[in-house]
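Engineer: What shape does this take:
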Amino acid sequence: MNNEAIEKKILEGCQNGKSEYQEKFYQLFYGKMMAIAMRYAKDADEAKDILQEGFIKVFGSIKQFKGEGSLEGWVKRIMVNTAINFYNKNKKNNTTSFEDNLVENNALENQMTDEDLEDDSLNNLTYDEILVFIRKLPPAYQTVFNLYVIEQYSHKEIANLLHINEGTSKSNLAKARAKLQKMLNSYNNNQYVGEF
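Structural biologist: Here you go, the predicted model:
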């Protein structure tokens with residue numbers, strides 16, 4: 001049985017409410033979905049909360065999946081939306097506002113380009129090391145960076161998800177890039193004190 005057939009059988013078992021297939025489904029997608037949750041969470045415990053809430057939503061709506069598009073893509077969308085909802089619920093506890101200092105943000109946006117983070121400094125880092133840098137960003141910047149760079153959402157989509165305007169999304173991305181570049185430069189000059 002090929003992977004597609006196995007995935008289809010697991011999906012059908014889940015849609016019929018069979019718990020043994022839910023366990024297989026969870027195992028099938030756990031790694032990739034945990035990676036998504038980790039990108040949006042401040043720590044492993046928060047990532048587990050996002051993951052658990054995401055899978056509850058997946059299993060609660062799995063009968064609605066009609067096979068249009070990939071199953072993994074569908075699960076990923078639910079997980080990203082769960083992470084965004086988690087962020088929005090906890091936004092009042094975050095220290096950096098989406099709307100802070102737009103003048104500084106616009107200046108940074110004009111200085112940064114998409115290639116700024118695509119230099120040799122990233123080639124020497126592992127995924128886990130890069131994740132440490134991303135997780136050190138303030139929550140507002142981290143969220144926009146993840147959605148734009150990793151999930152490849154447009155600024156318009158990000159603005160709708162986070163209930164902000166497109167300019168704020170762009171400026172938070174610019175600030176995230178600037179902060180990441182500064183951390184990478186310090187790291188490459190052996191001046192960075194991080195959690196590796």
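
Engineer: if you go through this structure in chain order, where are the helices?
Structural biologist: 3-15, 19-40, 44-61, 71-89, 102-111, 120-123, 127-135, 139-145, 155-162, 166-188 (DSSP state H).

Engineer: Can I get the ones you listed in TSV including mean neighbour count and mean pLDDT?
Structural biologist: (Glycine included, C-beta is placed from N, CA and C.) Listed next are those as TSV, based on neighbours: other CB atoms under 10 Å; pLDDT from 0 to 100:
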stretch	mean neighbour count	mean pLDDT
helix 3-15	14	91
helix 19-40	17	93
helix 44-61	16	94
helix 71-89	18	92
helix 102-111	14	37
helix 120-123	10	56
helix 127-135	15	82
helix 139-145	24	92
helix 155-162	18	93
helix 166-188	20	90
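
Engineer: For Leu137, give me phi and psi.
Structural biologist: phi -70, psi 150 (degrees, to the nearest 10).

Engineer: residue contacts, it?
Structural biologist: Phe145, Ala176, Lys179, Leu180 (CB atoms under 8 Å, 6 or more residues apart in numbering).

Engineer: What separation is there between it and Lys8?
Structural biologist: As judged by CB to CB, to the nearest Å, Leu137 and Lys8 stand 39 Å apart.

Engineer: Likewise for Phe29?
Structural biologist: 14 Å.

Engineer: the domain parsing of the chain - what is it?
Structural biologist: Following automatic domain parsing, the chain resolves into domains at 3-93, 102-188.

Engineer: Tell me the gap between the first one and the middle of its chain.
Structural biologist: Between the centre of domain 3-93 and the centre of its chain there are 13 Å (CA atoms, centre = their mean, to the nearest Å).

Engineer: ok, now the last one?
Structural biologist: Here domain 102-188 shows a centroid-to-chain-centroid distance of 12 Å under the convention CA atoms, centre = their mean.

Engineer: Turn the contacts of Leu137 into a markdown table, including distance to Ile56.
Structural biologist: Below are those laid out as a markdown table (distance: CB to CB, whole Å):
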| residue | distance to Ile56 |
| --- | --- |
| Phe145 | 27 |
| Ala176 | 30 |
| Lys179 | 33 |
| Leu180 | 32 |
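
Engineer: so, if you compare those, which one comes nearest to Tyr153?
Structural biologist: Lowest distance from Tyr153 to the contacts of Leu137 (CB to CB) belongs to Phe145, with 11.0 Å.

Engineer: Find the nearest non-adjacent residue to that closest one, please.
Structural biologist: Ala176 (4.0 Å; CB to CB, 6 or more residues apart in numbering).

Engineer: Thanks a lot, catch you later.
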